[in-house]
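Asker: fold the following for me, if possible:
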Amino acid sequence: MPPTAAEPREPHPTLSWRAGLLVLVVTAAALVGSRQVVLALADVELPALAYFALAAGLGYGPMVAAAFWVSRRHGLGRLSDDLGWRFRPLDLVWGPVVWLSSYIGTVSAALLITAFDVPFTSNADGLQDLEGHRGAVVGLVLTAVVVAPIVEELVFRGVLLRAFASRLPAWAAVAAQAVCFGLAHFDPSRGRGNVGLLLVLTTVGAVFGAAAWIFRRIAPTVIAHALLNGVAMLALFLLD
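Answerer: Numbering: from 1, shown residues only. Modelled structure (predicted):
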């Protein structure tokens, strides 16, 4: 459980802001590039494992490498200490709590989008077209539910949150990494539809960032992230 108000809080760990900037650039390029490659190869009918390897390798391989580099170059060389990669049994409870909080946040953002007629295009648009390509679907689902939660939490709530915290107060560090999380999902092909999507994903990033700050570790947000993506995939392919 997070410390109570009566307990002294340990200082939140920080990392070099220069390292954070490098990881941010690597992340943006890898996420955008890998998604386009997988979609472009959907009609090739590759095995599911091939799609999974492409999405995970091209998209998240560089991000993992960058996170390990930051840990070794700017930390102690241990992900548990440098990026908060620690798990406690209660995280199985806190993870769903964080997920529910993020879900409430997305609903609130959706209400604002509707009320102010903000352009919105889902980052899942077009994936329904892959329903006839089982390999691509399986690869994308595995990537979204297993790989993405681990790697994106390592990068955004592990590296970037701590990098921003070296220069900014807590609320600003949480907000900055949340904006980066939203922008990393920007796709020029969506045009103005990116505005609403970035609002939703920035809200999710803020909830996850606040949780990672409170707990001083990212296991709860990894679990929450997996639940969020899993429910989205379920709705996309089973309830459409």
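Asker: any idea which residue is closest to the centre of this protein?
Answerer: Glu152 (4.0 Å; CA atoms, centre = their mean).
Asker: buried set for stretch 101-108?
Answerer: For stretch 101-108, the neighbour count (16 or more other CB atoms under 10 Å) marks Ser101, Ser102, Tyr103, Gly105, Thr106 as buried. Quick note: C-beta positions are derived from backbone N, CA and C, even for glycine.
Asker: which pair of those spans the longest distance?
Answerer: Spanning the widest gap among the buried residues of stretch 101-108 are Ser101 and Thr106, at 10.0 Å by CB to CB.
Asker: that older thread, list the contacts of the residue nearest to the centre of the chain.
Answerer: Met63, Phe181, His225 (CB atoms under 8 Å, 6 or more residues apart in numbering).
Asker: which single one of those is nearest to Phe164?
Answerer: Phe181 (11.8 Å).
Asker: in which helix or strand does the closest one reside?
Answerer: helix 170-183 (DSSP states H and E).
Asker: and that helix, what's buried?
Answerer: Neighbour-count burial for helix 170-183, counted by 16+ other CB under 10 Å, picks out Ala173, Val174, Ala175, Ala176, Gln177, Ala178, Cys180, Phe181, Gly182, Leu183.
Asker: quick check: nearest residue in space to the third one, chain neighbours excluded?
Answerer: If you skip the residues right next to it in sequence, Ala175 has Ala206 as its closest partner in space, 6.5 Å away by CB to CB, 6 or more residues apart in numbering.
Asker: quick check: pLDDT value at that neighbour.
Answerer: pLDDT recorded at Ala206 is 98.
Asker: closest one to Ile113 out of the buried residues of stretch 101-108, please.
Answerer: Nearest to Ile113 among the buried residues of stretch 101-108: Thr106, at 10.1 Å, using CB to CB.
Asker: tell me the helices in the chain, going along the chain?
Answerer: Taking DSSP state H, the helices of the chain run over residues 17-40, 48-74, 79-82, 91-115, 134-142, 148-152, 161-165, 170-183, 194-215, 219-238.
Asker: of those, which shows the lowest average pLDDT?
Answerer: helix 134-142 (a mean of 70).
Asker: that older thread, any chance of the buried residues of helix 170-183 in CSV, with distance to Pro13 too?
Answerer: Shown next, in CSV, are these (distance: CB to CB, whole Å):
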residue, distance to Pro13
Ala173, 12
Val174, 14
Ala175, 18
Ala176, 16
Gln177, 14
Ala178, 18
Cys180, 18
Phe181, 19
Gly182, 24
Leu183, 24
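Asker: closest to Arg88 out of these?
Answerer: Val174 (21.4 Å).
Asker: against Gly84, how distant is the closest one?
Answerer: Distance of Val174 to Gly84, given as CB to CB, to the nearest Å: 14 Å.
Asker: again with Leu22
Answerer: 19 Å.
Asker: between these two, which one's more packed in?
Answerer: When Leu22 and Gly84 are compared on other CB atoms under 10 Å, the one with more neighbours turns out to be Gly84, at 24 against 17.
Asker: now do the contacts for that one.
Answerer: Counted by CB under 8 Å, 6+ apart, Gly84 has contacts Pro13, Arg157, Gly158, Arg162, Ala212, Phe215, Arg216, Arg217, Ile218.
Asker: turn these into a markdown table, including distance to Gly95 and neighbour count.
Answerer: Formatted as a markdown table, the contacts of Gly84 follow (distance: CB to CB, whole Å; neighbours: other CB atoms under 10 Å):
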| residue | distance to Gly95 | neighbour count |
| --- | --- | --- |
| Pro13 | 21 | 17 |
| Arg157 | 13 | 30 |
| Gly158 | 16 | 29 |
| Arg162 | 20 | 27 |
| Ala212 | 12 | 27 |
| Phe215 | 10 | 22 |
| Arg216 | 15 | 15 |
| Arg217 | 11 | 22 |
| Ile218 | 10 | 29 |
